[in-house]
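Asker: This is a predicted model, with the sequence first.
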Amino acid sequence: MKKTILLSAAFALALGFGAYTTGVVNAADSGPAEITIKADGKKPVKFAHKKHQDLMDCATCHKDGAKLDTSAWDMKTGHATCLDCHKKGHNGKNGPTKCNDCHTK
Ligand code: HEC
Ligand code: HEC
Ligand code: HEC
């Protein structure tokens with residue numbers, strides 16, 4: 001299920017996601033289904049991109065449709081982008097919050 005990017009841009013703004021580079025994403029290119037986000041000095045983060053795309057609008061993470069550059073992320077950016085929503089919940093569903101749920105392997 002692909003949704004438009006603009007619809008939830010305001011939502012993404014409200015959550016204050018930062019750290020993106022120029023460039024846009026659109027429904028024609030969904031990117032990889034599975035992504036491993038490198039975390040220096042910490043186990044890498046496994047991220048089921050496709051699964052999240054089915055749960056929410058692209059702009060929830062790709063603010064204004066912008067590409068993301070996780071190589072520039074640190075704990076603050078990563079946890080603000082991922083963990084905050086898992087705690088708050090999305091459409092009544094919470095995501096995992098234990099360290100090893102994300103920092104696997
Ligand atoms: C829960 C957050 C989240 C959602 C929702 C999401 N993405 Fe992503 N997306 C990411 C992350 C994280 C990356 C990895 C960026 C990197 O490699 O540094 C990524 C990467 C991508 C890439 C590869 C280019 C890039 O930005 O690095 C494309 C294309 C992309 N996403 C498209 C989409 C589309 C289209 C949607 C909606 C159908 C979507 N994404 C929904 C988090 C998300
Ligand atoms: C806007 C809310 C939201 C954002 C942002 C979000 N998630 Fe989630 N995530 C969820 C929800 C809800 C679930 C539970 C889905 C379910 O139970 O069906 C989930 C599930 C997961 C799971 C366990 C399920 C699986 O198949 O792997 C992992 C790991 C995960 N998320 C990692 C991440 C990472 C890493 C990011 C940031 C790049 C992220 N999430 C961003 C809401 C979010
Ligand atoms: C919802 C997924 C998720 C959960 C749960 C989570 N993290 Fe993270 N964490 C991330 C992401 C994404 C990053 C950003 C990766 C990076 O640093 O590039 C990150 C980054 C970090 C970093 C910084 C690594 C670096 O780049 O130097 C540390 C330290 C860290 N997390 C510790 C923890 C601890 C401790 C817990 C449990 C209390 C935890 N994390 C739970 C997703 C998560």
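Answerer: Received it, and whenever you're ready, just let me know what you need. Residues are numbered from 1 along each chain as shown. Ligands and ions are numbered 1, 2, ... in the order given.
Asker: at contact distance from ligand 1, anything in stretch 84-92?
Answerer: No: using C-beta under 6 Å from any ligand atom, we find that stretch 84-92 stays clear of ligand 1, coming within 7.5 Å at best. The way it works is simple: take the backbone N, C-alpha and C, and place the C-beta from them, glycine included.
Asker: low pLDDT regions in the chain?
Answerer: Scanning the chain for pLDDT under 70 picks out the ranges 1-23, 27, 105.
Asker: Need the residue closest to the centroid of it.
Answerer: Compute the mean C-alpha point of the chain, and by C-alpha atoms, centre = their mean the closest residue is C61, 4.5 Å away.
Asker: I'd assumed T81 was in contact with that one.
Answerer: Yes: C61 lies in contact with T81 (C-beta atoms under 8 Å); the separation is 6.3 Å.
Asker: Alright, that wraps it up for me.
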